[in-house]
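Chemist: build me a structure from this.
(one chain, ligands or ions: 1)
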Amino acid sequence: MKIENRLYIVTGGASGLGKQTVKSLVALRGYVGIIDINIEAGNELMKELDEKHAYFPGKADVTSEAQIENALEKIMTHYKDCPLGGAILCSGVVLPPSHIKGYGPENKLTSYQQFKHIIDINLLGTYNVAQKVGDLLLKNQPFGDDGERGIIITTSSIIGLDGAIVGYGTSKAAVAGLALPLARELSEFGIRSISIAPGPFDTPILDTGTDMKAPPCLFPSRYGQPNEFSDTVIHAIINPMFNGSVIRLDGGLRA
Ligand SMILES: NC(=O)c1ccc[n+]([C@@H]2O[C@H](COP(=O)([O-])OP(=O)(O)OC[C@H]3O[C@@H](n4cnc5c(N)ncnc54)[C@H](O)[C@@H]3O)[C@@H](O)[C@H]2O)c1
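Modeler: Here you go, the predicted structure:
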């Protein structure tokens, strides 16, 4: 799938990995519809971007079907002459509203409500947008010799693959687990699906407000930079052999 003159939806596009993905797609002359719950950050980002190539329809919560349908309709109308190439789903949270408490007799386990909050945003929110973008991609006329109709890229985490942190890790294991079934169901229509599982990347999400600090990668011995994530996104869009897999992007780190 090419990037130039294609429309991509980026969730969590107002900060961190999503924000850099928006910038990289715009730099390659793609068109981007930004979905994010943070209206201030979304508006701030728009000031930095070529407004012809990026559009933020206002606050949209990935856990709301109505808000996502509304945001997608606005984006599709705004770019009505540009074919939809796919979506990069980066929205996510690490901590529930009150910091995760646990583990042990004094602190108890992560509560059901905390667990549900994380699953709602990271897993159900991801599928909410994937399903609605998937339905739109099915309407595409196939592009190129392979008859490709688009790509859905989700963001998992090594925390999910390596089995750490009850709520967050479970949500991200499930996001990783979605990549292959989604690819199996959509491949006959020329739609690919992959998931990228980053290690620690230098974004605001790492600031937990606690003493908890993510370790650096094995090599390079530092956190990943957002452009190293967006480079992977760009390559996965361009290279049609990426399908159904979960790509670790972790500098050799195991959680
Ligand atoms: N940075 C890391 O170290 C790291 C590592 C592994 C996985 N990830 C994953 O990468 C993704 C991006 O994380 P990041 O580091 O850029 O974090 P970030 O906090 O900088 O960005 C997350 C974005 O998601 C948005 N968001 C949160 N809840 C939302 C909702 N309900 N609806 C719409 N938007 C919502 C936020 O407003 C924010 O703009 C997340 O899914 C995260 O779990 C990050």
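Chemist: helices and strands of this protein: which one bottoms out on pLDDT?
Modeler: helix 112-118 (a mean of 91; mean pLDDT, DSSP states H and E).
Chemist: chain center to it, what's the gap?
Modeler: Chain-centre distance of helix 112-118: 20 Å, with Cα atoms, centre = their mean, to the nearest Å.
Chemist: name the residues of this structure found near the ligand, please.
Modeler: Proximity of the chain to the ligand, by Cβ under 6 Å from any ligand atom, involves residues 11-12, 14-18, 36-38, 41, 61-63, 90-93, 121, 125, 155, 157, 198, 200-201, 203-206. Using the backbone N, CA and C atoms, a C-beta is placed for each residue, glycine as well.
Chemist: just the buried residues out of the residues you listed, in PyMOL syntax.
Modeler: In PyMOL syntax, the buried subset of those is picked out as below (16 or more other Cβ atoms under 10 Å):
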select buried, resi 11+12+14+15+16+17+18+36+37+41+61+62+90+91+92+93+121+125+155+157+198+200+201+203+205
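Chemist: in helices only, show me the residues of the chain next to the ligand.
Modeler: Mapping these onto helices (DSSP state H) picks out 16, 17, 18, 41, 125.
Chemist: the longest helix seen in the chain: which residues count as buried?
Modeler: When the chain is parsed with DSSP H, its longest helix is helix 166-186. Buried residues in helix 166-186, counted by 16+ other Cβ under 10 Å: 166-180, 182-183, 186.
Chemist: circling back to that earlier point, what's the least confident helix or strand of the chain packed up against?
Modeler: helix 166-186 (3 or more Cβ pairs under 8 Å, 6 or more residues apart in numbering; DSSP states H and E).
Chemist: other SSEs contacting the helix it packs on?
Modeler: helix 112-118, helix 125-137, strand 150-155, helix 158-161, strand 191-198.
Chemist: so where's this structure uncertain?
Modeler: Residue ranges of the chain with pLDDT under 70: 97-104, 208-211.
Chemist: next one: residue 234 relative to residue 48, how far apart?
Modeler: Plainly put, residue 234 is 19 Å away from residue 48 if you go by Cβ to Cβ, to the nearest Å.
Chemist: these two - which one has more neighbours?
Modeler: residue 234 (19 against 11; other Cβ atoms under 10 Å).
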